[in-house]
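Peer 1: structure for this input, please:
(one chain, ligands or ions: 1)
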Amino acid sequence: MPADKNPASGSNADAAKSFSLADLEQIIADRSNAAPDSSWTAKLVAGGMERAAKKLGEEAVETVIAALSRERGAVVAETADLLFHLLVVLRMSDVPLSEVLQELERRTGQSGLAEKAARTSE
Ligand SMILES: N=c1c2ncn([C@@H]3O[C@H](COP(=O)(O)OP(=O)(O)OP(=O)(O)O)[C@@H](O)[C@H]3O)c2ncn1[C@@H]1O[C@H](COP(=O)(O)O)[C@@H](O)[C@H]1O
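Peer 2: Coordinates of the predicted model:
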């Protein structure tokens, strides 16, 4: 991996400021219909939800391991893998990212602790 693209260096951070998860969602939508032998995205989609969701779980575990290892570069790389695979699974679930963001926005008025307390006292 070139040094200027190494997540551990953080030197690409400025270039990434104009790239959003919505951009990645669009790339995934575009690549979903490609030939599976030419695209990881298309291969995941063609493989079905069981395989894609399992891959998402693996990436989540790899992110946990990276966090526990306190390796900053690994946290960046594994989180990127996790977000990519999460967006693929969202697409396969027919859930647009905007719907998840709406749900997160709805939650902004309440602390997570208050929400948990209200739920567990029911
Ligand atoms: N962001 C990503 C992205 N992140 C991770 N991956 C791929 O996810 C795959 C799985 O990652 P792993 O670390 O698990 O690698 P693995 O080869 O399965 O290794 P093992 O787990 O088997 O050891 C790898 O092939 C990565 O390249 C991604 N593949 C695609 N994208 C984006 O999607 C675009 C289109 O890609 P294609 O669909 O392949 O054309 C790309 O230009 C990127 O913008």
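Peer 1: which ones are touching the closest residue to residue 44 other than its chain neighbours?
Peer 2: Of all residues not flanking residue 44 in the chain, residue 52 sits nearest, at 4.8 Å (Cβ to Cβ, 6 or more residues apart in numbering). Every residue, glycine included, has its C-beta placed from N, CA and C. Taking Cβ atoms under 8 Å, 6 or more residues apart in numbering as the criterion, residue 52 is in contact with 44, 45, 85, 88, 89, 92.
Peer 1: name the residues of this protein found near the ligand, please.
Peer 2: Applying Cβ under 6 Å from any ligand atom, we find that the chain lies next to the ligand at 27, 31, 39, 40, 41, 42, 80, 81, 84.
Peer 1: check these and tell me the two furthest apart.
Peer 2: Maximum pairwise distance among the residues of the chain next to the ligand (Cβ to Cβ): 19.2 Å, between 42 and 80.
Peer 1: low pLDDT regions in this structure?
Peer 2: Along the chain, the parts satisfying pLDDT under 70 run over 1-16, 122.
Peer 1: one step back: most neighbours, which of the residues of the chain next to the ligand?
Peer 2: Highest neighbour count within the residues of the chain next to the ligand, by other Cβ atoms under 10 Å: residue 41, with 23 neighbours.
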